[in-house]
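Q: Need the 3D shape of this:
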Amino acid sequence: QGQLVESGGGLVQPGDSLKLVCVTSGRVFITHTMGWFRQAPGKEREFVASIVWSSLTKHYADSVKGRFAISRDNSERSVTVYLQMNNLTPEDTAVYYCAAGRSTATTSEADYTFWGQGTQVTVSS
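A: Here you go, the predicted structure:
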């Protein structure tokens, strides 16, 4: 059974940057599309960004385009996925989840099979 573990969340001020990291284990995720989702208090979980196995195709939610960047490192035993978040605003406050799936249609939760436990990002002055 595969596992995804996120890290890098924290409390930052508006305009700051933060880099989230997701590391996989337990099975091979090299060919999986990897995604980041987030869930703010009282709201449904929403798509943030995704990256296919080759890194040649990336998708971003309109709300984070130009501010966030997704990247990945594939190794024989694990995949590490990064989410560089710049110019953060209070609206970015949420629990951020890493996910893995086989589909190339990458913006829907239904396309992802494996999920991490999430890491809290709080943007506040």
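
Q: helix or strand for the residue positioned nearest the centre of the chain, which one?
A: Geometric centre of the chain, nearest residue: residue 36, 2.3 Å, by Cα atoms, centre = their mean. Residue 36 belongs to strand 33-39 when assigned by DSSP states H and E.

Q: what angle sits between the helix or strand following that strand and strand 33-39?
A: Where DSSP H and E defines the elements, the next helix or strand beyond strand 33-39 is strand 46-51. Going by axes from the mean of the first three to the mean of the last three Cα atoms, to 10 degrees, strand 46-51 is angled at 160 degrees with respect to strand 33-39.

Q: how far out from the middle of the chain is whichever helix or strand comes after strand 46-51?
A: Sequence-wise, the next helix or strand downstream of strand 46-51 (DSSP H and E) is strand 58-60. From the chain centre to the centre of strand 58-60 is a distance of 11 Å (Cα atoms, centre = their mean, to the nearest Å).

Q: Partner strands of the next helix or strand after strand 58-60 and their direction?
A: Counting by DSSP H and E, the next helix or strand C-terminal to strand 58-60 is strand 68-74. Neighbouring strands of strand 68-74 in its sheet, by DSSP bridges, are strand 79-85 (antiparallel).

Q: buried sites along the partner strand?
A: By neighbour count with 16 or more other Cβ atoms under 10 Å, strand 79-85 contains the buried residues 79, 81, 82, 83, 85. (C-beta placed from N, C-alpha, C; glycine too.)

Q: that older thread, what does the strand holding residue 36 rub up against?
A: 20, 22, 45-53, 70, 72, 79, 81, 83, 92, 94-104, 106-107, 109, 111-112, 118, 121 (Cβ atoms under 8 Å, 6 or more residues apart in numbering).

Q: Give me the distance from that strand to the chain's centre.
A: Relative to its chain's centre, strand 33-39 lies at 4 Å (Cα atoms, centre = their mean).

Q: Direction included, what does that strand pair up with?
A: Counting by DSSP bridges, strand 33-39 is paired with strand 46-51 (antiparallel), strand 94-101 (antiparallel).

Q: Kindly present those as JSON lines, with separate columns for mean neighbour count and mean pLDDT.
A: Below are these laid out as JSON lines (neighbours: other Cβ atoms under 10 Å; pLDDT from 0 to 100):
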{"stretch": "strand 46-51", "mean neighbour count": "22", "mean pLDDT": "97"}
{"stretch": "strand 94-101", "mean neighbour count": "23", "mean pLDDT": "97"}
